[in-house]
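Visitor: when you get a sec, could you give me coordinates for this:
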Amino acid sequence: MNASEPRVFLVGAGPGDPDLLTVRALRVLQGAEIVVYDRLVSESVLALVPVDAERIFAGKASRKHYMPQETINGVLVTQARSGRRVVRLKGGDPFIFGRGSEEALHLAQHGIPFEIVPGITASMGCAAYAGIPLTHRGLAKGVHFVTGHMADNGELELDWNRLADPDTTLVIYMGLMKIDRICNNLIQAGLPEDTPAAAIQNGTLPTQKVISATLARLPGEIAKAELSAPTLFVVGAVAAFAETLAWHVPAEIETRKADQA
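Guide: All right, here's what the predicted structure looks like:
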């Protein structure tokens, strides 16, 4: 490998469906010698990793950090210096709530050449597979992307007045543990209780589940359905399209329909 060539590829694996990988991502992945991957990378995407490539799990879940970010940064530098082709595989897009920029900065600071391979974001992929357009003429003139992670003081430090805009779509990542508080804060900030909302679990995968409800009823419906992470939330008028434009029928539902035929 030439010293000026990338030694680490920060690759977006997309939301789960391997067909949503970019051509560049697939090419880079198939040439990987070491793959450092997150929990949100689907098994079907991992199946594309060369059988002789070394795999390093750096998965993270809410309140469960298998490998701290500082350790991941160090692993990337160490493995890059081994001279092998390193792929850092991240769910969605590396630069959208993926901490890819932190890893890229660490590589840059240590003189490690790298390349960023964008991926289809969870918000784009999951919403599309749920039949929800993030923008729609006359209904949503913009989109807000936020994370439901709390600050060290236990508060959700978000501008609720700005987010409670009926003319925009709100997409919430990693908000399952705080969905009650999120919905209440939006309502208190002025967003109508009957605003359409949706929760998308395992978006783009055969196990996808979509829950549609009003903003006020969403937490209760999520609890009733016993949704688990990863779950993405869409709040706004466009969420009402979920039933009309639904096209991705999970395999388990297709099987059930076939059995009943």
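
Visitor: residues near the closest residue to Ala32 other than its chain neighbours, how many?
Guide: Nearest in space to Ala32, with sequence neighbours left out and distances taken as CB to CB, 6 or more residues apart in numbering, is Val87 at 4.0 Å. Quick note: C-beta positions are derived from backbone N, CA and C, even for glycine. As a burial measure, Val87 scores 25 neighbours (other CB atoms under 10 Å).

Visitor: repeat for Asp165
Guide: Quick note: Asp165 (other CB under 10 Å) scores 18 neighbours.

Visitor: circling back: list the contacts of the residue nearest to Ala32.
Guide: Val87 makes contact with Val8, Phe9, Val11, Val28, Leu29, Ala32, Ile34, Val35, Val36, according to CB atoms under 8 Å, 6 or more residues apart in numbering.

Visitor: for Gly203, state which of the residues you listed is nearest.
Guide: Val11 (19.1 Å; CB to CB).

Visitor: thought that closest one was touching Glu103?
Guide: No. Using CB atoms under 8 Å as the test, Val11 is too far from Glu103 to be in contact (11.4 Å).

Visitor: of the two, which one has the most company?
Guide: Taking other CB under 10 Å, Val11 and Glu103 do not tie; Val11 has more neighbours (30 against 24).

Visitor: which stretches of the chain form helices?
Guide: 23-30, 43-46, 69-80, 100-109, 122-129, 160-163, 179-188, 218-225, 241-244, 251-260 (DSSP state H).

Visitor: sorry, back to before: tell me how far the residue nearest to Ala32 lies from Arg99.
Guide: 16 Å (CB to CB, to the nearest Å).

Visitor: so what sits against both of Val11 and Glu103?
Guide: Arg88, Pro94.

Visitor: which stretches of the chain form strands?
Guide: 8-12, 34-37, 54-57, 60-61, 64-65, 86-90, 114-117, 143-147, 169-173, 196-201, 209-214, 231-235 (DSSP state E).

Visitor: lowest average pLDDT across these?
Guide: Comparing mean pLDDT across the strands of the chain, the lowest value falls on strand 64-65: a mean of 55.

Visitor: in TSV: the strands of the chain, plus distance to Ala127.
Guide: What follows is the strands of the chain, written out as TSV (distance: least, CB to CB, whole Å):
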stretch	distance to Ala127
strand 8-12	16
strand 34-37	24
strand 54-57	28
strand 60-61	22
strand 64-65	27
strand 86-90	19
strand 114-117	22
strand 143-147	9
strand 169-173	7
strand 196-201	7
strand 209-214	10
strand 231-235	6
